[in-house]
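Q: got a predicted structure here, sequence first:
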Amino acid sequence: MTRTGGEARRRRLLREAIRLFGRRGYEGTSLEAVATASGVRKQTLLYYFPTKEALLGACVAETSARVAEALATALEAESKSPNKAEAVIHKVFELAGEWPELAQFIREASRLGPDVVERFAQVLEPLRVRALSFLAREMAEGHIRPQDPALLLFTLYTAVIGSITEAGVLRAVVGEDRSRTALHRREQELLSFIRTALAPGEEPGSEGPVVRTG
């Protein structure tokens with residue numbers, strides 16, 4: 001087996017594991033099932049991933065790295081600051097449409113405890129810090145309604161992730177075409193909500209812009 005062939009096999013194993021973990025759940029997916037779906041023997045899978053926990057960890061690393069790369073690309077491609085938040089949201093929905101297993105896997109991974117969530121979050125930490133800095137700066141300049149940047153980012157995160165994971169469930173139930181339509185509709189509804197949430201303005205009772213960073 002060449003190095004290139006070994007890497008291709010490893011990626012195929014990860015792809016099938018992500019798909020099965022997302023559809024059947026972590027507990028409901030055996031290593032044998034992943035190996036079979038990948039067209040290899042269980043012993044071959046164990047060569048790459050000695051335990052089920054190791055396989056899960058590799059899946060978390062694969063999905064988080066791909067999300068981080070997609071978001072970083074979206075941020076770099078959008079030169080206008082006011083449009084960056086929408087560009088990121090659009091990229092997340094685009095990725096969910098291209099890779100439906102992603103949303104289902106994230107939904108399942110979030111149920112597996114704080115350790116798994118923390119592993120995912122660590123990869124996205126540089127983007128989180130960058131987002132907080134962006135939100136605070138935009139608030140200070142009066143482009144976004146003054147509010148707690150950390151709380152706002154958390155609200156945006158839960159809204160976006162909630163939308164794509166539920167769309168992933170819908171895809172599994174009603175099929176590809178209808179779920180794609182629903183995914184697009186959810187994106188438009190969410191963008192409308194985000195525009196309202198970020199619209200410039202003052203906090204009730206304030207005499208001017210107030211930016212909290214704690």
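A: All right, it came through fine. Residues are numbered from 1 along each chain as shown.
Q: who touches stretch 122-136?
A: 61, 64-65, 67-68, 71-72, 75, 81, 84, 121, 144, 149-150, 152-153, 211, 213 (C-beta atoms under 8 Å, 6 or more residues apart in numbering). Just so you know, the C-beta spots here come from the backbone N, C-alpha and C atoms, and that holds for glycine as well.
Q: what subset of the residues you listed is buried?
A: Ser64, Val67, Ala68, Leu71, Leu75, Lys84, Ile144, Pro149, Ala150, Leu152, Leu153, Val211 (16 or more other C-beta atoms under 10 Å).
Q: coming back round to it: the contacts of stretch 122-136 in strands, which ones?
A: Residues from the contacts of stretch 122-136 lying in strands, with DSSP state E as the criterion: none.
Q: got the domain boundaries for the protein?
A: Split into domains by automatic domain parsing, the chain comes to 1-50, 57-214.
Q: packing partners for the helix or strand that Leu55 is a member of?
A: Element membership of Leu55 [criterion: DSSP states H and E] is helix 52-77. Applying 3 or more C-beta pairs under 8 Å, 6 or more residues apart in numbering; DSSP states H and E, we find helix 52-77 packed against helix 3-24, helix 31-38, helix 81-98, helix 100-109, helix 114-140.
Q: quick one: least confident helix or strand in the protein?
A: Across the helices and strands of the chain, mean pLDDT, DSSP states H and E gives its lowest value to helix 149-174, namely a mean of 73.
Q: what's the helix or strand that comes right after that helix packed up against?
A: Proceeding N to C from helix 149-174, the next assigned helix or strand is helix 176-198, under DSSP H and E. Secondary-structure packing of helix 176-198 (3+ C-beta pairs under 8 Å, 6+ apart): helix 81-98, helix 149-174.
Q: can you tell me which of these comes nearest to Arg137?
A: helix 81-98 (8.2 Å; C-beta to C-beta).
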